[in-house]
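K.L.:
I need the structure of the sequence given here:
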Amino acid sequence: SPAEAARRVGTGSGRPLLEGLAPEARLKALLDARLTLYAEVAHRRVVTDGLTAEQVADAVVAAVADGAPGRSR
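P.N.:
Sure thing, here's the model as predicted:
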């Protein structure tokens with residue numbers, strides 16, 4: 001979600017796509033623009049809101065290990 005992405009990346013410098021705008025609003029706009037492509041090319045979907053990096057990695061490994069060949073959502 002844009003809120004989770006904003007929490008993770010913060011508002012510090014070094015994020016050129018977020019400069020001059022509210023980070024959450026810009027992240028929402030970026031996600032809206034990219035979501036169709038992401039849905040088309042994804043083989044698995046892992047919801048990461050509220051998870052640590054280690055938990056995300058574990059969820060990705062589990063999704064890949066549990067998935068049959070082809071697309072799964």
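K.L.:
Quick check: buried residues in the helix ranked longest in the chain?
P.N.:
The residue-count maximum for a helix in the chain (DSSP state H) belongs to helix 23-41. Within helix 23-41, the residues scored as buried using 16 or more other Cβ atoms under 10 Å are Pro23, Glu24, Arg26, Leu27, Lys28. Every residue, glycine included, has its C-beta placed from N, CA and C.
K.L.:
Rounded mean pLDDT for it, please.
P.N.:
Averaged over helix 23-41, pLDDT sits at 91.
K.L.:
could you say what helices and strands it packs with?
P.N.:
helix 2-9 (3 or more Cβ pairs under 8 Å, 6 or more residues apart in numbering; DSSP states H and E).
K.L.:
mind listing what's buried in the helix it packs on?
P.N.:
Under 16+ other Cβ under 10 Å, the buried positions of helix 2-9 are Pro2, Ala5, Ala6.
K.L.:
do you know how far the nearest residue to Leu18 once chain neighbours are set aside is from Asp32?
P.N.:
Nearest non-adjacent residue to Leu18, counting by Cβ to Cβ, 6 or more residues apart in numbering: Arg26, 5.1 Å away. Separation of Arg26 from Asp32 (Cβ to Cβ, to the nearest Å) stands at 11 Å.
K.L.:
same question, Ala39
P.N.:
12 Å.
K.L.:
repeat for Val61
P.N.:
Relative to Asp32, and taking Cβ to Cβ, Val61 is found at 29 Å.
K.L.:
repeat for Ala25
P.N.:
11 Å.
K.L.:
can I assume the residue nearest to Leu18 is in contact with Leu17?
P.N.:
Yes: with contact defined as Cβ atoms under 8 Å, Arg26 counts as touching Leu17 (6.5 Å).
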